[in-house]
Every structure is written in C-alpha cells, then in structure tokens.
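Engineer: Test case, fold it:
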Amino acid sequence: MKMNKVMTLVTAMTLAISITACGSNTPSKNAEPAPVTNATNKPAVAPEEVADPGLQPEEGASLIIWESKEERAFADEMAKQFTEKYNIPVKVEEVQATDQATKLTTDGPSGLAADVVMFPHDNVGRAVSAGLILPNDVFGEETTKNNTEASIQGVTVDGTLYGYPRAAETYALFYNKSLIKEAPKSFEDVIAFSKTFTDKSKNRYGIMWETGNLYFNYPFIATGGGYIYGENGTNKDDIGINIEGAVKGFETYMKLKEALPIQSGDITPDIKRSLFNAGDVAMDITGPWELAGYKEVLGDNLAIAPIPTIDGKPAISFSGIKSFFVNSFTQYPNAAKLFAQFASSKDSQLVLNKLVGSVPTNIEALDSDQIKNDPIIAGFALQVVNSNPMPIIPEMNNTWTPIGAALTEMWDNNKDPKEVLDKAVEQIKDLNNGVTK
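Structural biologist: Numbers count the residues shown, from 1 in each chain. Just a heads-up that it's a prediction; the model follows:
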C-alpha cells in the first residue's frame, strides 16, 4: 500500500452500517475477548468430516468479514468457497482497508465488529496494544513457512505473529518502452540514458520520482545497510539513517541530479504523472496505484521492472503488507482462524491476483507461472522480494519531516549527506523523547 505519500495516502470511506460479530441484529452488551478454543470445543460436524481436524469450527458458527470495496469480488469468492468446504455461512461487509483498525477499536469491544478483518500492517502495533486481534497461533508455523520473510516481519509484534498475510505492495520502476526499450539495471545506466534524453529546456527528463519523500528514497538508505529503526524497525533509540552505508547510498542519490535537474518542490505526483503520460518522462519510480491510469494511456508500451541497483546491490524498497486478522472479540475464533488461513493460502492469493492484480506474499504463488508470466505483476513481485516492511512503531511518524528536510537539503542545496543526516537523527531523537525546543 502506498504509505503516507507520505502522510496523505490514508483516505477514509467509513462504513455506515453497524454489524455484529455473530451476524445477529443485537450487539453483545458485555463483549469480551474470545477465549482460545481447541479441537474439543463443540465441533460443527463429526471430526472425520472436517478437512482440518486440528481445529474444529464452533457449533452454529457464522462469520462476518470486512473487505474493501475494491477487493470485494475476492472476498465474495472466498466466502463462497469457504462455505462450500466448511458449511459455515459467511457475510461480507464493505469497510475500506485503511478504516478497519480504527473501526475495530470501537466496534470490537461493543460486539459490532467483523470476525475477520483486513488492514495494512502499519496498523498492527496499535491493534495489538489495544487487545483487538488474536495471535496467529494455530497456523503460525505454516504461515511463516509459506510466506516471505518481509510479510511475516510486518505482522509480527514482540515476537508474536498476528497476521495471515495475503498481499504485498511496494513501488518499482515504470518505464515507457517507446522511449527506452529495456529497463536500466543500475542507476549508473539511468544516468547514461538520461544524458541522451534529459532536456530541462523542454521539460523532458530520463527519470522522475519524488526526491524529497522518504517513502520513495528509502532504497538509498537501506540498500547499503542503513535502516530507519534497528531490531527490525522496533527500536526507536537505534536510528541508522546516517551510518556509512546510507551515506554512500545518498552519494548515488545526489549524482542523479544530472538525470533530473530540478528542485524537489517542483516534483509532485500530478506533475510527474502528466509528464510520464505525455512521453516527457521515460521512467517513473512509483507504485501500483498508478498502474490503471498509466496502462490506459501507454498500453503495451508500459513496462515495470525492479528499481535499478545501487552501488551494485539490489535496491531495497519499503513495502506494505495487507493481512487478515482475527477479531479478539469474535464469538467464533476457531471458525475465524480457519477462514483467515483459508483465504490467505497460495491458491487464494492467486485468486486475489487474478481478480485485482495484487502481488502475493506466498512464496510458491510468487514463483507460479501466473505471476512470472505477467510482465507487469512480475516486475512488482521481483521488487517485493527485495523490500522491507515499514516500521509499525508509533515513532515512525517522527521520521518523515526530518528526513524529508534532509533530502531537500541534499538535492536542492548540495549539502553534505553525512552532515544533514546527522542533524535529522538528532531531530528524530528529540521527537521520540518528547523534547521541545
């Protein structure tokens, strides 16, 4: 998912319909987190008739699932297949993915929330802190084995796995094949091509991306070994944006001004989109949210590839993980866990890809012909493999402005990377510790 854009990507389409966790019209008056049940708890059918004998659904179970409007077709298909397999009714209600964690905060304790919810991984920390979701315990080992390391990391808090990953989102290199036949392998290749294409007087550039936005410039930090926060994004006191590898990455970043000789403030999503569609930008580093519009304009001339290498290493981007979670207040935790596992399996992720064009997190799905033979999705899939999930700790919010200011100082004013990054680290530490000046 596109994160923050940085902070403006989280948009709201709130649901106007109240629903209950058990599917009735009357909310529970004293909802409490569901107990963890096991194979001896009220099986809905005889054990020999159940496909997953290790976890029996509760007698009389019925489920409500929250799903975004854009991916409703997938949820409907999963509900149909799950009901056919387990004889458990499933109702799908539309709630935008970015609204679900907030809605769960109020509707979970009151007994009005869905049994299974789906939201981006950057909401996991607060959901866990509020006691809103159950751990992925029964299927944890299987989930971990079957999905990419980045997707598991994104839905794990303090060593406990909570999510059932189903899709990953990151940005990649979009390019216009009528202007550049093959994607450049390295940023050195980008500069070489741009020398033949970029003409500032004609507002024409070899490549364009938001040079002042941390989200899109994370590869220059991470590829050489830098990081936002240490311990997989969980240690607010360990900031790694100014270590040697990151500083070296930003030396490459600054060389790219030759390919894109304009100020950071003159690069906006609208400007970039307009120039790319018009053929005045040959390459654009952006995400799947631009795919439909670019495809409509460029048709078969649109292609996607991984971000060019930085200092000979595969570029590491930020990724967002969309995942199912089980509401801790559900009356049917076993049935809900079965659904979350069922709808996030390899086959289910391939259905999701077919219906909405998502990139799987399941390792076997990523390696399937369905993904590898789709040149657009394959480009994203290759980049997802080289991605880190955005840190989920609240202190991540304190990084955008200081690092954005450092990027602008480097790009616009040619300031020394180490100097401005050191300053950004101090600013982030002050914000994390509540220091006011």
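
Engineer: where does the stretch 1-150 of the chain have low pLDDT?
Structural biologist: Residue ranges of the stretch 1-150 of the chain with pLDDT under 70: 1-53.

Engineer: Please repeat the previous calculation with a cut-off of 50.
Structural biologist: 1-30, 35-51, 53 (pLDDT under 50).

Engineer: Dead centre of this structure: give me the residue that sits there.
Structural biologist: Central residue of the chain (CA atoms, centre = their mean): G320, 1.3 Å from the mean position.

Engineer: just checking, that one is part of a strand?
Structural biologist: Yes - the assignment for G320, made by DSSP: H, G, I helix; E, B strand; the rest coil, places it in a strand.

Engineer: I figured it hits I392, correct?
Structural biologist: No - with contact defined as CB atoms under 8 Å, G320 does not count as touching I392 (10.6 Å). Quick note: C-beta positions are derived from backbone N, CA and C, even for glycine.

Engineer: Residues in contact with both of the two, list them for me.
Structural biologist: 121-122, 154 (CB atoms under 8 Å, 6 or more residues apart in numbering).

Engineer: Mind checking which of the residues you listed land in helices?
Structural biologist: Among these, DSSP state H puts G154 in helices.

Engineer: List buried residues within the shared contacts of G320 and I392.
Structural biologist: Neighbour-count burial (16 or more other CB atoms under 10 Å) applied to these gives 121-122, 154.

Engineer: still on that earlier bit, for beta bridges, what are the partners of the residue nearest to the centre of the chain?
Structural biologist: Counting by DSSP bridges, G320 forms beta bridges with E169.

Engineer: What distance do you get for N213 to R126?
Structural biologist: 24 Å (CB to CB, to the nearest Å).

Engineer: which of these two has more neighbours?
Structural biologist: Using other CB atoms under 10 Å, the more surrounded residue of N213 and R126 is N213, with 20 against 15.

Engineer: got the phi/psi numbers for the more buried one?
Structural biologist: Backbone geometry at N213, expressed as degrees, to the nearest 10, gives phi -110, psi 120.

Engineer: and it, how far is that from W411?
Structural biologist: N213 is 11 Å from W411, by CB to CB.

Engineer: Check E70 too.
Structural biologist: Counting by CB to CB, the gap from E70 to W411 is 34 Å.

Engineer: out of the two, which sits in the more crowded spot?
Structural biologist: W411 (23 against 11).

Engineer: Surely the more buried one is in contact with E210?
Structural biologist: No - using CB under 8 Å, W411 is not in contact with E210, being 10.5 Å away.

Engineer: Need the residues touching each of these two.
Structural biologist: If you check W411 and E210 against CB under 8 Å, 6+ apart, the residues they both contact are S264.

Engineer: how about the strands in the protein?
Structural biologist: All strands of the chain, identified by DSSP state E, fall at 63-67, 90-94, 116-120, 156-157, 160-161, 164-170, 172-176, 205-208, 227-229, 235-240, 281-286, 302-305, 317-326, 387-389.

Engineer: Point out the other helices and strands that the first one packs with.
Structural biologist: Using 3 or more CB pairs under 8 Å, 6 or more residues apart in numbering; DSSP states H and E as the contact definition, the elements that strand 63-67 packs against are helix 72-86, strand 90-94, strand 116-120, helix 333-342.

Engineer: and the angle for that strand with helix 333-342?
Structural biologist: Counting by axes from the mean of the first three to the mean of the last three CA atoms, to 10 degrees, strand 63-67 lies at 40 degrees to helix 333-342.

Engineer: The longest one now?
Structural biologist: Here strand 317-326 runs at an angle of 150 degrees relative to helix 333-342 (the same axes, to 10 degrees).

Engineer: And for the third one?
Structural biologist: Following the same axes, to 10 degrees, one obtains 40 degrees for the angle between strand 116-120 and helix 333-342.

Engineer: From the chain's centroid, how far away is strand 116-120?
Structural biologist: 12 Å (CA atoms, centre = their mean, to the nearest Å).

Engineer: quick one on the thing from earlier: would you reformat the shared contacts of G320 and I392 as CSV and include distance to P360?
Structural biologist: Listed next are the shared contacts of G320 and I392 as CSV, based on distance: CB to CB, whole Å:
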residue, distance to P360
H121, 15
D122, 20
G154, 14
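
Engineer: still on that earlier bit, format the strands of the chain as a markdown table; extra columns: distance to A405.
Structural biologist: A markdown table is the format used below for those (distance: least, CB to CB, whole Å):
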| stretch | distance to A405 |
| --- | --- |
| strand 63-67 | 38 |
| strand 90-94 | 39 |
| strand 116-120 | 26 |
| strand 156-157 | 30 |
| strand 160-161 | 36 |
| strand 164-170 | 24 |
| strand 172-176 | 26 |
| strand 205-208 | 21 |
| strand 227-229 | 15 |
| strand 235-240 | 15 |
| strand 281-286 | 21 |
| strand 302-305 | 31 |
| strand 317-326 | 19 |
| strand 387-389 | 22 |
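
Engineer: Those strands: which one's closest to K272?
Structural biologist: With CB to CB as the criterion, K272 lies closest to strand 205-208 of the strands of the chain, at 5.0 Å.

Engineer: For that closest one, what does the pLDDT average out to?
Structural biologist: Strand 205-208 comes out with an average pLDDT of 98.

Engineer: Could you list the paired strands of it along with their orientation?
Structural biologist: strand 281-286 (parallel).

Engineer: CA atoms of the partner strand as CSV?
Structural biologist: Provided in CSV are the C-alpha atoms of strand 281-286 (Å, rounded to 0.1, in the frame of the first residue of the first chain):
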residue,chain,number,x,y,z
VAL,A,281,9.5,11.4,-18.6
ALA,A,282,10.9,8.0,-19.7
MET,A,283,10.9,6.3,-16.2
ASP,A,284,9.0,6.9,-13.1
ILE,A,285,9.5,5.3,-9.6
THR,A,286,6.0,4.8,-8.3
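
Engineer: what angle sits between that strand and strand 172-176?
Structural biologist: Using the same axes, to 10 degrees: strand 281-286 against strand 172-176 is 160 degrees.

Engineer: could you point out where the stretch 201-350 of the chain is predicted with low confidence?
Structural biologist: Using pLDDT under 50, nothing in the stretch 201-350 of the chain is flagged.
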